[in-house]
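Colleague: pasting a predicted model and its sequence here:
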Amino acid sequence: MPWTNGPLVLYHGTTDIGASAISSPSRELPHSISLSKGRAKTDFGRGFYLTTVLAQAESWANRLFRNRRSKPQPPTCAVVLRFEVDRNQLAPLLSLCFVTDSSNSDYWDFVSHCRDELGSHRLQGDRNYDVVFGPVSFWPQLFVVKDMDQVSFHTEAALKILPAPVLHSRGTPEYERRILQWKR
């Protein structure tokens with residue numbers, strides 16, 4: 001089968017509340033992703049994280065749902081959003097890619113820098129990497145999680161290439177009730 005250079009399919013696990021906020025178009029973008037809402041001290045620093053692994057996004061969505069059910073406005077279900085990113089738009093961005101190998105010292109130096117929040121991952125001048133791709137760490141142990149990856153977007157230029165998200169799947173109320181009963 002010939003290479004078609006089709007879109008890179010990425011997934012983001014969240015809740016119905018998060019999906020609604022992300023999916024609302026802003027004035028400039030087809031979504032409302034805000035880099036300032038990303039958590040600090042993550043593997044690749046503050047950013048918007050996605051994965052190429054659907055099962056990983058589903059697991060993350062279910063975890064968020066379980067952890068936020070006691071909030072004043074609890075979510076009603078777990079949601080997975082799908083982003084189909086044009087590779088031709090992704091190519092010109094300043095990207096950093098790590099291979100899935102727990103012995104990669106560059107990877108661990110980078111993760112340690114970001115996890116310790118020693119500042120952003122700036123290059124010379126004021127420029128950050130737009131996109132970082134690599135394995136998921138089992139921090140603080142120096143292990144990577146098998147068959148998981150993360151693609152993080154860190155700049156406004158990177159957010160501009162993200163299309164409007166598509167609802168890939170959502171948990172049903174019955175499924176969510178079973179999860180809650182199982183966790184008790």
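Modeller: Yes, it's here. Numbering: from 1, shown residues only.

Colleague: Phe48 is in contact with Ile33, correct?
Modeller: Yes - assessed by CB atoms under 8 Å, Ile33 is found in contact with Phe48 at 5.1 Å. Glycine gets a C-beta too; all of them are placed from N, C-alpha and C.

Colleague: between these two, which contacts overlap?
Modeller: Taking CB atoms under 8 Å, 6 or more residues apart in numbering as the criterion, Ile33 and Phe48 both touch Phe153, Leu159, Leu162.

Colleague: what helices or strands is the longest helix anywhere in the chain leaning on?
Modeller: Longest helix of the chain, by residue count under DSSP state H: helix 54-68. Secondary-structure packing of helix 54-68 (3 or more CB pairs under 8 Å, 6 or more residues apart in numbering; DSSP states H and E): strand 8-15, strand 78-85, strand 144-153, strand 166-170, helix 173-183.

Colleague: and if we set it to 6 Å?
Modeller: Contacts defined by 3 or more CB pairs under 6 Å, 6 or more residues apart in numbering; DSSP states H and E place helix 54-68 against strand 8-15, strand 78-85.

Colleague: and it, what's its mean pLDDT?
Modeller: Across helix 54-68, pLDDT averages out at 91.

Colleague: where does pLDDT dip in the chain?
Modeller: Across the chain, the ranges flagged by pLDDT under 70 are 100-102, 118-120, 122-125, 172-184.

Colleague: point to the residue nearest the middle of it.
Modeller: Centroid-nearest residue in the chain: Tyr49, 1.7 Å away (criterion: CA atoms, centre = their mean).
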